[in-house]
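> Output the structure for:
(2 chains)
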Amino acid sequence: MAERVSVVLVDDHSIFRSGLKADLDDTIVVVGEAHDVESAVAAVTDAAPDVVLLDVHLPGASVPAGTSGGAEVIRRAAPAVPGTRFLALSVSDRAEDVVGVIRAGARGYITKGSSGADVSRAVHAVAGGDAVFSPKLAGFVLDAFGAAVGETAAAVDELDRLSAREQEVMRLIARGYAYKEVAAELFISTKTVETHVSAVLRKLQLSSRHELTAWASARRLL
Amino acid sequence: MGWNPDSTLIRGPGASAAALASAWMAAMGSRAQDITADDATAAAAPDTPAPDSPDGPDAGARPPLARPRDCVATGVAAGLALHLGWPAWIVRVAFVALTPVAGAGLLLYAWLWAFVPWSATPGESPEARPRRRSPVAWLLVGASVAVMVAAWILSRPLVSGEGEAWSWWFWATLAGVGLAVASGAWSTFIDRPDPERGPRSELAVRGTATALLVVTALALVFGPVAPLGPVPAFAAALAAVLGIGLVYAPTLIAHWRDLTGERTKRIREEQRSEIAAHLHDSVLQTLALIQNRAGATSEVARIARAQERELRDWLYAGDAPGESDLVADLRDFASALEIDYPVTVDLVVVGESREPASGELAAAAREAMLNAARHAGGEVSVYVESRPDAVEVFVRDRGPGFRLAAVPGDRLGVRESIIGRMRRAGGSATVRPGAGGVGTEVRLRFPAEEATRG
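Residues are numbered from 1 along each chain as shown, chains lettered A, B, ... in the order given. Alright, predicted model coming up:
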């Protein structure tokens, strides 16, 4: 935790940016701010931070229909800064927004109601290469991958279903367990939990499972 | 206080208007009956002399004047015959016989058609559709053809040079046009909703009526009559063309109404999503910020959170399931708890819930949530998973925690309302310390057979 992490804040509300900046702990250095898609792409490519805290809903002239401003920023900025990780931050209720930004390449998703300490923790986790799953995102993943109706992946490399262990991890996260608590509950190391979560994130990003989108538009996440 | 007299004043006219209306209806009814009786006796007098009228018991126990639902065309004649105790054919003959007398028979028929209600048979619902045995629309088309042919014959003397230019044939043509329009109207308004006829018969009738009117118009304009009586021929042709318009007017109006309705709906939808987007970008962000800055359990944050939930519900109301199930119920309960206690409830739902809100599982889950809010506060995680074999609910808090054995025997909350309730309902419940020894986790499980029956 002592390691310093550089961050670019992207949100169209300046009052939210300043509030969040004040709340983040000392190990996080804000190296840039942006308020729309164009300025965000510029700020991220300029500063090449460790982590971008990215609002899902961003105004921008060139946002294609059917996607969010946040997803567009990732799509345009990510190729230029391969070392940068994106953490989505949103008040959004909508599954398609959250899944859209995750599938665009965000490493995690947290709500704007989270405290400064929570956000700081999430920033460090993402900077360390981990994925950040909120309970609601975990619930969505379980639902979208058919875990509730008993679908379980048979092979390790199967993208469209979760393995039994991944389901267990996701269930515990959905029940409000922190990674450490999940590890204790399943008698595995925290590192292993993080590996499972990253694997699930990868499936979420790469799976072509049609339910992902169908489900997302049929229901509201969060 | 001072408003009371006013309000009664306002209500007064409404009530009296209703009374007036019902009185008027009653008067209409009795008048219709009077006229019926008078006319019928007058009409019947030449046809059927004495024997029918002193039919003793009949006079006392007359069935009410109503049109039977199983009828030939409108049920007027059959209803009247039933009411008077005569054979139906006599009534029909009377109507026909009275028609030449300044149209009295026709007017009386129309009058009764408009004012006599359908009969209310005990077995049938009051909205049951009447069944019409005769194809009235086709009869009207036939009559129209007949009248047109008559008009053609009537115009012969004009063509051959004898007779006046302005004559019966003109009126016959107009009558034919009127009958064709009537057939179209009948098929549109009366036959179309009738399952035995429906839109296809409507289309056929209207097509025939249109063809008839087109032929008539062409015959008038290009036929032998036009040069001899240009003005009446042109007027009659114009009437035929207008008649075509009238045949299709109801459909056009309906289409136009659909179109404007569609447009209004779309505009409203667009406006709504615009408002939603705006509120999402401004108010929801601000509410999130307030919660963030004020600390999760403060009064201000609670109010902001409750407000946020309310706004979300309103913004996305269109997608919420209408009926109350377990999930909707727990969601409502969670927002109520957040207002009453310093707590934030994080509700995660997986799977399609079929569990009713009134079930024992919902009651036990509510109790567990209430306990968590009351004794632990802070963050409470609720997880609901509906699987094919069972429904599970987890309620987890991060409070001081408690041991079931340490709870005094007179405290019924957990032991009775949660564990006992679930066991009696056929499910199970466990209460244990939360992960890492922090707080408490309540796990409720309900097998699906029970859940679907529930």
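
> only C-alpha atoms for contact and neighbour calcs from this point on.
OK.

> quick one: A:Leu87 from chain B, how far?
17 Å (CA to the nearest CA, to the nearest Å).

> Name the residues that touch the helix or strand that residue falls within?
A:Leu87 belongs to strand A:85-90 when assigned by DSSP states H and E. Outside strand A:85-90, the residues within contact range by CA atoms under 8 Å, 6 or more residues apart in numbering or on different chains are A:50-57, A:70, A:74, A:101-102, A:105-112, A:123, A:126-127.

> Break chain B down into its structural domains.
For chain B, automatic domain parsing gives the domain ranges B:28-120, B:135-320, B:328-453.

> Can you confirm whether the last one lies near chain A?
To tie it back to what came earlier, the one meant is domain B:328-453. Yes: for domain B:328-453 and chain A, the contact criterion (CA under 8 Å from any CA of the partner chain) is met by B:347-351, B:381-383, B:385-388, B:394-396, B:435-436.

> PyMOL command for the buried members of the contacts of strand A:85-90?
Entered in PyMOL, the line below selects the buried ones among the contacts of strand A:85-90, by 16 or more other CA atoms under 10 Å in any protein chain shown:
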select buried, chain A and resi 50+51+52+53+54+55+56+57+70+74+101+102+105+106+107+108+109+110+111+112+123+126+127
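
> Where strands are concerned, which of the contacts of strand A:85-90 count?
When DSSP state E defines the strands, the subset of those inside them is A:Val51, A:Val52, A:Leu53, A:Leu54, A:Asp55, A:Tyr109, A:Ile110, A:Thr111.

> for the longest helix seen in chain A, packing partners?
Scanning chain A for the helix with the most residues, using DSSP state H, yields helix A:190-206. For helix A:190-206, the packing partners by 3 or more CA pairs under 8 Å, 6 or more residues apart in numbering or on different chains; DSSP states H and E come out as helix A:95-104, helix A:164-174, helix A:179-186.

> Buried residues of that helix, list them for me.
For helix A:190-206, burial by neighbour count (16+ other CA under 10 Å) applies to A:190, A:193-205.

> between those residues, which is nearest chain B?
Nearest to chain B among the buried residues of helix A:190-206 is A:Thr190, at 13.4 Å by CA to the nearest CA.

> Would you confirm that that closest one contacts A:Ala183?
Yes: using CA atoms under 8 Å, A:Thr190 is in contact with A:Ala183, at 5.2 Å.

> Chain A versus B:Val149, what's the distance?
63 Å.

> where's that residue, which helix or strand?
Using DSSP H and E, B:Val149 falls within helix B:136-159.

> Repeat that for A:Ile15.
Applying DSSP H and E, one finds A:Ile15 within helix A:14-23.

> now that helix, how far from the chain's geometric center?
Taking CA atoms, centre = their mean, to the nearest Å, one finds helix A:14-23 lying 20 Å from the centre of the chain it belongs to.

> right, is it up against chain B?
Yes: legend: contact between helix A:14-23 and chain B by CA under 8 Å from any CA is shown at A:Phe16, A:Gly19.

> any idea of the angle that helix forms with strand A:51-55?
140 degrees (axes from the mean of the first three to the mean of the last three CA atoms, to 10 degrees).

> low-scoring stretches of chain B, by residue?
For chain B, the stretches with pLDDT under 70 are B:1-61, B:121-128, B:158-167, B:295-297, B:316-324, B:355, B:357-358, B:401-413, B:449-454.

> What about B:Arg293, how many residues nearby?
Residues lying near B:Arg293 (other CA atoms under 10 Å in any protein chain shown) number 21.

> how about the helix or strand that contains B:Ser335: buried residues?
Here B:Ser335 sits within helix B:326-340, counting by DSSP H and E. Judged by neighbour count (16+ other CA under 10 Å), helix B:326-340 contains these buried residues: B:Leu326, B:Val327, B:Ala328, B:Asp329, B:Leu330, B:Arg331, B:Phe333, B:Ala334, B:Ser335, B:Leu337, B:Glu338, B:Ile339.

> hang on, the earlier thing: which ChimeraX command selects the buried ones in the residues of domain B:328-453 next to chain A?
Command for ChimeraX that selects the buried part of the residues of domain B:328-453 next to chain A, burial taken from 16+ other CA under 10 Å:
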select /B:347,348,349,350,351,381,382,383,385,386,387,394,395,396,435
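
> Break chain A down into its domains, please.
Looking at automatic domain parsing, the domains of chain A come to A:5-132, A:136-218.

> ok, back up a step: in its sheet, what does the strand holding A:Leu87 sit against?
Here strand A:85-90 has these sheet partners by DSSP bridges: strand A:51-55 (parallel), strand A:109-111 (parallel).

> Same list (those) but as a markdown table, adding distance to B:Val247.
Converted to a markdown table, the strands paired with strand A:85-90 look like this (distance: least, CA to CA, whole Å):
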| stretch | distance to B:Val247 |
| --- | --- |
| strand A:51-55 | 60 |
| strand A:109-111 | 62 |
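
> export those strands to a markdown table and tack on mean pLDDT?
Below are those laid out as a markdown table (pLDDT from 0 to 100):
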| stretch | mean pLDDT |
| --- | --- |
| strand A:51-55 | 90 |
| strand A:109-111 | 84 |
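
> out of the ones in strands among the contacts of strand A:85-90, which one sits closest to chain B?
Using CA to the nearest CA, those come closest to chain B at A:Thr111, 8.7 Å.

> wait, doesn't that closest one sit right on A:Val91?
Yes: in this structure, A:Thr111 is within contact of A:Val91 by CA under 8 Å, at 5.7 Å.

> follow-up on the earlier one: which of the helices and strands packed on helix A:190-206 is buried the deepest?
The highest average neighbour count among these, using mean count of other CA atoms under 10 Å in any protein chain shown, belongs to helix A:95-104 at a mean of 24.

> helices or strands up against the helix holding B:Val149?
Using 3+ CA pairs under 8 Å, 6+ apart, helix B:136-159 sits against helix B:168-186, helix B:198-222, helix B:225-228.

> hmm, 7 Å instead?
Here helix B:136-159 touches helix B:168-186, helix B:198-222, going by 3 or more CA pairs under 7 Å, 6 or more residues apart in numbering or on different chains; DSSP states H and E.

> mind exporting that helix as PDB, just the C-alpha atoms?
Extracted in PDB, the C-alpha atoms of helix B:136-159 (Å, rounded to 0.1, in the frame of the first residue of the first chain):
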ATOM      1  CA  VAL B 136     -77.300  -7.900 -43.100                       C
ATOM      2  CA  ALA B 137     -74.400  -6.300 -44.900                       C
ATOM      3  CA  TRP B 138     -74.800  -8.500 -47.900                       C
ATOM      4  CA  LEU B 139     -78.600  -7.900 -47.900                       C
ATOM      5  CA  LEU B 140     -77.900  -4.200 -48.000                       C
ATOM      6  CA  VAL B 141     -75.500  -4.700 -50.900                       C
ATOM      7  CA  GLY B 142     -78.200  -6.800 -52.600                       C
ATOM      8  CA  ALA B 143     -80.800  -4.100 -52.000                       C
ATOM      9  CA  SER B 144     -78.500  -1.500 -53.300                       C
ATOM     10  CA  VAL B 145     -78.000  -3.500 -56.500                       C
ATOM     11  CA  ALA B 146     -81.800  -3.900 -56.800                       C
ATOM     12  CA  VAL B 147     -82.400  -0.200 -56.400                       C
ATOM     13  CA  MET B 148     -79.700   0.700 -58.900                       C
ATOM     14  CA  VAL B 149     -81.200  -1.700 -61.500                       C
ATOM     15  CA  ALA B 150     -84.600  -0.100 -60.800                       C
ATOM     16  CA  ALA B 151     -83.100   3.300 -61.300                       C
ATOM     17  CA  TRP B 152     -81.700   2.100 -64.600                       C
ATOM     18  CA  ILE B 153     -85.100   0.900 -65.700                       C
ATOM     19  CA  LEU B 154     -86.700   4.100 -64.500                       C
ATOM     20  CA  SER B 155     -84.300   6.100 -66.600                       C
ATOM     21  CA  ARG B 156     -85.400   4.200 -69.800                       C
ATOM     22  CA  PRO B 157     -88.300   6.500 -70.600                       C
ATOM     23  CA  LEU B 158     -85.900   9.500 -70.400                       C
ATOM     24  CA  VAL B 159     -83.500   7.900 -72.800                       C
END
